[in-house]
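> Sequence isn't available, so here's the structure alone:
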């Protein structure tokens, strides 16, 4: 069978083999780390399918291929740090590309179509793996991030022009941010407790508070490093964009939601409030004649 394919096609099949055996090891290692029996069973089934695909491609190439060690550790570590759902979904995006490549050779190799169908079933099966705590409380994280971004970028923009002193801005912003984080955590606790969602009110409050505090730290950090308050504001706004982009990318991958719409909505809201607050700071400074 190996003599029936041209060298160029054989190289493509060897690349498919490497992808399959790499993903086999990733799924197998993740399955050993997951507590849920249902999730573990699905991952082991997918790992077995990936190994079978590897062996099917080997029938055509007649050659064993070593896994991509870098990819193995990359996806494994991503899954351990950011959650198995995010890591798997990120890897599945690569499988979607693989399905397209399989479709290109299915007219030449009869096995390609069945393997492509297996890849589609993998993606559908993984939808059931979304029962993960960090995604279960994603709404609480969104609440903390969104409120901190909108409120603190606005407050810092206003304070920047009104106070024009980086240390004083950092102090005022920190007090405002910490107080707001505690308030948001308490509000989320009461809100979750009054709803029948099956979520822990305490965990929801903690996720909201931590998300808020982390955002506060990133936004205020420039005022502790630089002396020019306009430079500080620029870095703060850049940090806000980075936070919004990173979180929305995470959610878009883990929950299959559109990135662009959510990103533009959050960024637009934060910058609109920041711009309005900057204007208010200028107006109050001029009207009250305050000099710091």
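Good, I have the coordinates. Quantities reported herein were computed from a predicted structural model and do not represent experimental measurements. Residues are numbered from 1 along each chain as shown.
> What separation do you get for residue 211 and residue 182?
13 Å (C-beta to C-beta, to the nearest Å). All C-beta atoms are positioned from the backbone trio N, CA, C, and that covers glycine.
> Looking at the two, which has the bigger crowd around it?
It is residue 211, of residue 211 and residue 182, that has more neighbours when counted by other C-beta atoms under 10 Å, with 25 against 14.
> Identify the contacts common to residue 211 and residue 182.
Listed as contacting both residue 211 and residue 182 by C-beta atoms under 8 Å, 6 or more residues apart in numbering is no residue at all.
> Who are the packing partners of the helix or strand in which residue 41 is found?
Using DSSP states H and E, residue 41 sits within helix 37-61. On a contact count with 3 or more C-beta pairs under 8 Å, 6 or more residues apart in numbering; DSSP states H and E, helix 37-61 meets helix 7-33, helix 111-126.
> Now with 10 Å, please.
helix 7-33, helix 84-105, helix 111-126 (3 or more C-beta pairs under 10 Å, 6 or more residues apart in numbering; DSSP states H and E).
> I'd like the distance from the first one to the chain centre, please.
This means helix 7-33. The chain centroid and the centroid of helix 7-33 are separated by 24 Å under C-alpha atoms, centre = their mean, to the nearest Å.
> list the helices and strands it packs on?
Helix 7-33 packs on helix 37-61, helix 69-82, helix 84-105, helix 111-126, going by 3+ C-beta pairs under 10 Å, 6+ apart.
> Out of those helices, which gets the lowest mean score?
Note on the helices and strands packed on helix 7-33: helix 111-126 shows the lowest mean pLDDT, a mean of 63.
> these two touch, right, residue 180 and residue 155?
Yes. In this structure residue 180 lies within contact range of residue 155 using C-beta atoms under 10 Å: 8.8 Å.
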